[in-house]
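In: A predicted structure for the sequence below; I have some questions about it.
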Amino acid sequence: MEENVAGLLCYVGGWVTGLIFFLIDKRPFVRFHAAQSIVVFGGLHIVYIILTTIFITGFWAGGLGSSLSAGCCSAP
């Protein structure tokens, strides 16, 4: 497989394909893009999990989640 195609495929499946290519391929160009994919998409995945946890906990507790939904959906 050519380097540029392997570099592109590192981003297709998010951090998972980045990890696969990082462990399998030894070319510096591919490993760079694999590492970049892991950092970017892994970081976004962590942020997604944190924000989801905050808002789900807020909706359950009636705190932040309910105040946000009441503020955007209620009439003035």
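Out: That came through fine.

In: Near residue 46, how many other residues are there?
Out: Residue neighbour count, defined by other C-beta atoms under 10 Å, stands at 11 for residue 46. No exception for glycine: its C-beta is placed from N, CA and C like everyone else's.

In: Does it lie in a helix or a strand, and which?
Out: helix 28-61 (DSSP states H and E).

In: Could you list the residues in contact with stretch 25-37?
Out: With contact meaning C-beta atoms under 8 Å, 6 or more residues apart in numbering, stretch 25-37 is reached by 3-4, 6-8, 10-11, 14-15, 17-22.

In: Any regions of this structure where pLDDT drops low?
Out: Scanning the chain for pLDDT under 70 picks out 62-76.

In: The same query, at a cut-off of 50, please.
Out: The model of the chain has pLDDT under 50 over residues 65.

In: which among the contacts of stretch 25-37 end up buried?
Out: Neighbour counting with 16 or more other C-beta atoms under 10 Å marks 6, 7, 10, 11, 14, 15, 17, 18, 19, 21, 22 as buried within those.

In: chain center to the helix holding residue 46, what's the gap?
Out: Averaged C-alpha coordinates place helix 28-61 at 3 Å from its chain's average position (C-alpha atoms, centre = their mean, to the nearest Å).

In: and it, which residues are buried?
Out: Under the neighbour-count criterion of 16+ other C-beta under 10 Å, helix 28-61 has 30, 31, 33, 34, 37, 38, 41, 58 buried.

In: which of these lies closest to residue 48?
Out: residue 41 (10.1 Å; C-beta to C-beta).
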